[in-house]
Every structure is written in structure tokens, then in C-alpha cells.
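>>> model the following, please.
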Amino acid sequence: GDTTKLAGVPIYSPDLAWYGAALSGFGIVYNRDLLADGSIPDPRVWEDLADPRLIGDVSLVSPLQSGSVTTAFEAILARLGWTDGWRILRRTAANARSFAPSAPMTPLLVSSGEAAAGICIDFYGRYQAQAMRASDLALSTRPEGAPDRIGYIDPPRQTVIDPDPIGLLRNAPEPELARRFIEFVLSRQGQSLWQFPLAEREKDGLGPTRFELRRMPIRRDMYDMLDRFVDQVDPYDIAEPVKYENSAFRTFIPVLFDAMAMRDPHLLAEAWESIISHPGYPDTHGIVTAADVDDPELKAMLEDFDAMPTVPGPDGTQYDLADPEVLQTVKKGWLRDGWKGQGLWPVEADPAQYMRRTLGEFFAERYRALLSRSGDQG
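Residues are numbered from 1 along each chain as shown. Below is the predicted model of the structure:
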């Protein structure tokens, strides 16, 4: 196979401007005690975060605030598809207790018991699980033989693995020092710092002296020593190309998520609670759509909840954002100034911000329509 890529993703740039230093996965961090209190099993797949029993118990970060969270959301859309992916993301957002200000906050909130589960990059989740295990051992606050308080999982066949790059900047003040550092990071000794446990260093000088970093090395030959890793995961064995590849997904994630979930999170949560408390809602913990129910009122409520907006184009055209095929066109027209001067947004306005605001109004209108159907007024 192509040794310059991992599941279709380059691990260094063709012009050698950057090299992958480590690999990152994206998944779910969770608090076993809180889940057990609600008789909820440990999450395995993204859809588990949309479980109605988790309402008010999920920690999320806005993709406007975090590139790693954007990549996690992109993985959901690229693995499960635009329609199903947004159903999961919207329900997960509706389950959110709050939106944390930065990505490292999610594992902290989960470990402190303020949330039962959340989405994060792998090493945040694994490191927090490790820190809580060490604390429980030191304080004897965990029954002997009990599973760790905090768990982390990369949803099997539903995540992506990305390289974290390192490179030398043009006109760097200390280019030789920087080059030597890059060479160290990419050496076997440097790569061993990512995954070897502290105790390993005594064997051959490989591994960390103070902290276990819980990252995945980029070098393939490091996986010949997989049995020495803290996390025995080989991304070169398990990574697969995504099913629904669309470079515009990433562009629209912050725009749509901000509009559907961040503009009025209380209205979203109220709409969701109205749906799951409806007498006709099925006794299930998975995704329920309008097509799955017979009750006409609940069907209409679910249609409102999952509705996606249209955006205008030149000459009276309309583009339905439920269709991923239009995303590239809308991206070029609205978000790359391709339709500048067409009268689609005020001259003084930033088109991305204007789009987020108008889409936010659309979603709020649908959620209020849903609540009016159920007799609740948002």
C-alpha cells in the first residue's frame, strides 16, 4: 500500500513542509459511575450519546472553539453520512448539560461528575482516565477489582485518525536547533515517549521519565513493539478510508452547529424533551426519526426537529442544505465570496456570520413550531 498515507490521509506533506509527529483519534470519554446510576451501559458508538436517558448529562464544545472537536464531528458525518450524522449531532447537542469553553474541559467535567459523557480527542480522554485511576489508587477511593471510574473509547469503524504535524518555519531564528528537535521527535527515542509506560525506560532507554502521554506514534516500526504500549492500538491495522468524503463538511460544521445548537441551546433542549416525553415516543434508546413513528403529532414534531434549511443563491435559486451535493457550491458562493455583490447578504455584513444568524432563526422557528404542536411554548 501507499506508505505516505494512513487510510487515505497523508502522514507527511508531499513537499516535506511538515511531517506527522503523532496520530490522534477521536472518541467518547465517559464516567462509569454516573452511567451505572442511570443503568446506562458504557457507550460504544456515537449514537449512544443521543440516548434520551442522557439528557442534561453530555459535555460538548462548540466547533467554533476547537479544531479537534470539529474533526470529531467531521468523522461522524464522514463515517455515517450527512443526514444520519446530523441526527446524531443534533440529539447529542440537545442532551448537553452545557457547552464547555475549550476541548480539554470535557474530560475534566466528565471526571468530576458534572457530565456522564462527552466527545474529545483520544489523548485528552486517555490521560484523564489515567489521572483518575492514579488518584483512586493513591486515596483508596475505588473498590478493589472495580473498573476504572473514567473510560474512553474510539467508536469502532466510526472515527478517523489524523496526523499531528511538526515542521520548520521559514526564517526560524534557530533553524539548526529546530531541525535537531524535529529529528528527535521522529526518532525511535522520541516516538517512544508517546506510548511507552514509565517503567519501560529501564530496559533500553526508551520511554518517558515523568509522564505517560498516551499518544499514538507516527512511525510504523514502533508498532513492532506494540506489546510495550500503554494503549495497545495499532492505527495502521484498524484505520479505513471514510465512506462519505466531502471536503465541504468541515466548512459547514461550525456554521450549522452554531445555528442549530449554540444560538439557543435551551430552546433545542426544550424541543428535545418535548419529543422524548411524548406519549407516542417509542421505548427505545436509539435514534428515532419521523419515519419510525405513526402518531401524526409526534411525526410532525420530529420533522420539525430534524429539518434543515435552504439558502438563497443568485437569480432566485435555493440550495437545500439537507443535500450534501450542494455544499461545495454554497461554500464557494457564500463562504468564499463567490456570490459577493449579488444582494444575498448586506454589503457591510460578514457572509459567514450572516448565514449563521439567518440559519439560527430558521432552527429556532422550527423548534418553536414543534413546541406549539405539543402544547408547550418555548
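
>>> which residues in the stretch 251-378 of the chain form strands?
For the stretch 251-378 of the chain, strands defined by DSSP state E, counting those that start in this stretch occupy the ranges 310-312, 318-320.

>>> can you list the strands that the last one pairs with?
In this case it means strand 318-320. Paired neighbours of strand 318-320 in the sheet (DSSP bridges): strand 310-312 (antiparallel).

>>> so how far is the partner strand from its chain's centroid?
Distance, stretch centre to chain centre, for strand 310-312: 26 Å (C-alpha atoms, centre = their mean, to the nearest Å).

>>> can you check stretch 159-176 too?
Centroid separation for stretch 159-176 versus its chain: 23 Å, with C-alpha atoms, centre = their mean.

>>> check stretch 137-154 too.
Its chain's average C-alpha position is 25 Å from that of stretch 137-154, according to C-alpha atoms, centre = their mean.

>>> how about the host helix or strand of residue 118: buried residues?
Per DSSP states H and E: residue 118 is located in strand 117-121. Buried residues in strand 117-121, counting neighbours by 16 or more other C-beta atoms under 10 Å, are found at 117, 118, 119, 120, 121. Placement of C-beta: from N, CA and C, glycine included.

>>> which of the strands of the stretch 251-378 of the chain is buried the deepest?
Most buried of those, by mean neighbour count (mean count of other C-beta atoms under 10 Å): strand 310-312, with a mean of 18.

>>> average pLDDT across it?
What strand 310-312 shows for mean pLDDT is 97.

>>> which residues touch that strand?
Residues outside strand 310-312 that contact it (C-beta atoms under 8 Å, 6 or more residues apart in numbering) are 318, 319, 320, 321, 330, 334, 344, 355, 358, 359.

>>> these in helices, which ones?
330, 355, 358, 359 (DSSP state H).

>>> the second one and residue 334 touch, don't they?
Think residue 355. Yes. In this structure, residue 355 is within contact of residue 334 by C-beta atoms under 8 Å, at 5.7 Å.

>>> mutual contacts of those two, please.
Contacts common to residue 355 and residue 334, judged by C-beta under 8 Å, 6+ apart, are 311, 345.

>>> now the nearest residue to residue 346 once chain neighbours are set aside: how far from residue 347?
Of all residues not flanking residue 346 in the chain, residue 354 sits nearest, at 6.9 Å (C-beta to C-beta, 6 or more residues apart in numbering). Separation of residue 354 from residue 347 (C-beta to C-beta, to the nearest Å) stands at 11 Å.

>>> which one's more surrounded, the two?
A direct count of neighbours by other C-beta atoms under 10 Å for residue 354 and residue 347 places residue 354 higher, at 15 against 7.

>>> gap between that one and residue 227?
Going from residue 354 to residue 227 by C-beta to C-beta gives 55 Å.

>>> and what of residue 31?
As defined by C-beta to C-beta, residue 31 lies at a distance of 30 Å from residue 227.

>>> and the closest residue to residue 151 other than its chain neighbours, what element?
In space, and not counting its chain neighbours, residue 151 is closest to residue 30: 5.2 Å by C-beta to C-beta, 6+ apart. Per DSSP H and E: residue 30 is located in strand 26-31.

>>> give me the helices and strands touching that strand, please.
For strand 26-31, the packing partners by 3 or more C-beta pairs under 8 Å, 6 or more residues apart in numbering; DSSP states H and E come out as helix 67-80, helix 105-111, strand 117-121, helix 122-139, strand 150-153.

>>> between these, which gets nearest to residue 17?
Set against residue 17 and scored by C-beta to C-beta, these come closest in helix 67-80, at 18.6 Å.

>>> what's in contact with the closest one?
With C-beta under 8 Å, 6+ apart as the test, helix 67-80 has contacts from 24, 26-27, 46, 60-63, 85-86, 88-89, 103, 119-121, 124, 157-160, 162, 242-246, 249-250, 253-254, 257.

>>> 6 Å - rerun?
With C-beta atoms under 6 Å, 6 or more residues apart in numbering as the test, helix 67-80 has contacts from 26, 46, 61, 63, 85, 88, 103, 119, 121, 158-160, 242, 244, 249-250, 253.

>>> pull the CA atoms of stretch 79-92 into PDB?
What follows is stretch 79-92, C-alpha atoms only, in PDB (Å, rounded to 0.1, in the frame of the first residue of the first chain):
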ATOM      1  CA  ARG A  79     -18.500   7.700   8.500                       C
ATOM      2  CA  LEU A  80     -22.300   7.800   9.000                       C
ATOM      3  CA  GLY A  81     -23.400  10.200   6.300                       C
ATOM      4  CA  TRP A  82     -24.600  13.800   6.300                       C
ATOM      5  CA  THR A  83     -28.200  13.000   7.200                       C
ATOM      6  CA  ASP A  84     -27.600  10.400   9.900                       C
ATOM      7  CA  GLY A  85     -24.600  12.200  11.200                       C
ATOM      8  CA  TRP A  86     -26.500  15.400  11.800                       C
ATOM      9  CA  ARG A  87     -29.300  13.500  13.500                       C
ATOM     10  CA  ILE A  88     -26.800  12.200  16.000                       C
ATOM     11  CA  LEU A  89     -25.100  15.500  16.500                       C
ATOM     12  CA  ARG A  90     -28.300  17.400  17.000                       C
ATOM     13  CA  ARG A  91     -29.600  14.900  19.600                       C
ATOM     14  CA  THR A  92     -26.300  14.900  21.300                       C
END
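
>>> give the buried residues for that stretch.
Neighbour-count burial for stretch 79-92 [16+ other C-beta under 10 Å]: 79, 80, 82, 84, 85, 86, 87, 88, 89, 90, 91, 92.

>>> sweet, I'm off.
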